[in-house]
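Colleague: I would like to see how this sequence folds:
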Amino acid sequence: MTLRQTALHAAHTDLGAKMVPFGGWDMPVSYPLGTIEEHMTCRRSAVMFDVSHLGTVRVEGAGSFDSLQRVLTNDLTKVGPGRAQYTHLLDPDDASVIDDIIVWWVDDEVFDVMPNASNTERVVRYLGGRDTTATRSVIAVQGPAAREMASRVSPEAATVGRFRVERVSVCGAPCVVAGTGYTGEDGIEIAVPNDHARVVWDALMAAGVIPAGLGARDTLRLEAGLPLHGHELGAGITPLQANLNWVVGWRKPDFQGRAALLAEQERGVSRVLRGIATEGRRPSREGSVVRTAQGDGVVTSGNFSPVLGHGIAMAFLPPSVAEGESVEIDVRGSVLAGRVVALPFVRKPASGA
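Modeller: Numbers count the residues shown, from 1 in each chain. Below you'll find the model as predicted:
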């Protein structure tokens, strides 16, 4: 299979990035600085990610609000134009999460729906709209210094508030900028026309922003307790099991999968997503069995936490397992001791306008 390349592919190879297949794209997993240093730079200063592999589906015109409100779980009446909202697209039969999505409400009747890379076609089937992924790049600038550094390139982009969306000019290009991200840090995401993507990327580098790859993006989101589709969300996994009840707009008269989700709520979930801190640097891995006094669970994501200095994992466990309980994780035949902890593992104060 031929891998797709983002408009920033040459920028990554010029910087010596290690490229890997991801969701049908050739993407940088790390740069010569290394994943741990990229991770810590995001926590201490600012990094940028090429996330152009994520989808963009433009839904616009009369009826666009109604079509999204009717299908997606969250309630768009809680926000409005110029805002972003996290939401789910559910399977109509069993309420499992087909995809988790950020909706950028750009203008009155203009929405940019941002699905995961491999789910874009399915999202178009359910929501309609146009797949505009191939026309733009998305650069995520993240970290406590993200806004200050971005202001050296575009003061207007740097002031876009948390979960706000604005049309602004960046390096002379018309862009859509949102105060969103996937690291647990403050920051912005810039959707820029492909022919200006390298100019914006290079300008951000000149401003002091360090490039980071998918490896750091994954360890950052894990420390922040953020779910990844295909791990904490996906076939057979509902928002209730993933502890994402707040993504469900129960006051809406209907949304796709509502009846199945309501039935699960009434009978109670059979498992729930929890955090586990493990001893030492050795991490657990996806698929590892978790032994608890109330029954077995399974690890969905596990890795070493650069900030905490020990292993962390998210896992589906029996709902009766309480925080503070000791567990044992079977890692390739050996036992790794752990303790159930609250998510996120690393909590950072929100900042930005």
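
Colleague: Does D330 touch G287 like I think?
Modeller: No. D330 is beyond contact range of G287, at 9.9 Å (criterion: C-beta atoms under 8 Å). The way it works is simple: take the backbone N, C-alpha and C, and place the C-beta from them, glycine included.

Colleague: higher neighbour count, those two?
Modeller: The neighbour comparison of D330 against G287 (other C-beta atoms under 10 Å) goes to D330, with 16 against 10.

Colleague: dump the residue contacts of that one.
Modeller: By C-beta atoms under 8 Å, 6 or more residues apart in numbering, D330 lies in contact with S288, V289, V290, R291, L336.

Colleague: measure the nearest residue to G280 once chain neighbours are set aside to G287 for me?
Modeller: Leaving out its chain neighbours, the residue that sits closest to G280 by C-beta to C-beta, 6 or more residues apart in numbering is H310, at 6.2 Å. Using C-beta to C-beta, to the nearest Å, we find H310 at a distance of 20 Å from G287.

Colleague: Show me where the stretch 151-300 of the chain has its strands.
Modeller: Under the criterion DSSP state E, counting those that start in this stretch, the stretch 151-300 of the chain contains strands at 165-170, 173-178, 187-193, 210-211, 272-278, 289-292, 295-304.

Colleague: out of those, nearest to G225?
Modeller: The closest of those to G225 is strand 272-278. By C-beta to C-beta, the value is 6.3 Å.

Colleague: Against which helices or strands is the closest one packed?
Modeller: Judged by 3 or more C-beta pairs under 8 Å, 6 or more residues apart in numbering; DSSP states H and E, strand 272-278 is in contact with strand 295-304, strand 311-317, strand 326-331, strand 334-341.

Colleague: redo that, cut-off 10 Å
Modeller: strand 289-292, strand 295-304, strand 311-317, strand 326-331, strand 334-341 (3 or more C-beta pairs under 10 Å, 6 or more residues apart in numbering; DSSP states H and E).

Colleague: Give me the neighbour count for the closest residue to L261 other than its chain neighbours.
Modeller: Once flanking residues are discounted, L261 sits nearest to A95: 3.9 Å by C-beta to C-beta, 6+ apart. The number of residues packed near A95 is 26, by other C-beta under 10 Å.

Colleague: residue contacts, A95?
Modeller: By C-beta atoms under 10 Å, 6 or more residues apart in numbering, the contact set of A95 is 73, 88, 237-241, 248, 256-265.

Colleague: Equivalent analysis for S284, please.
Modeller: Shown in contact with S284 (C-beta under 10 Å, 6+ apart): 276, 278, 290, 299, 301-303, 311-315, 329-332, 336, 338.

Colleague: With W25 instead?
Modeller: Going by C-beta under 10 Å, 6+ apart, W25 touches 3-6, 9, 19, 50, 52-54, 117-118, 214.

Colleague: Beta-bridge partners for it, please?
Modeller: Residues in a beta bridge with W25, per DSSP bridges, are R4, F22.

Colleague: Please report how far it lies from T135.
Modeller: Look at W25 and T135: by C-beta to C-beta, they are 15 Å apart.

Colleague: and if you look at C175?
Modeller: Separation of C175 from T135 (C-beta to C-beta): 12 Å.

Colleague: before we move on, back to that, of the contacts of A95, buried ones?
Modeller: 73, 88, 237-241, 248, 256-258, 260-261, 264-265 (16 or more other C-beta atoms under 10 Å).

Colleague: In helices only, show me the residues you listed.
Modeller: Under the assignment DSSP state H, those contribute R258, A260, L261, E264, Q265 to helices.

Colleague: May I see the residues you listed organised as CSV, with distance to V165 added?
Modeller: Output for those, formatted as CSV (distance: C-beta to C-beta, whole Å):
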residue, distance to V165
R258, 27
A260, 31
L261, 28
E264, 32
Q265, 31
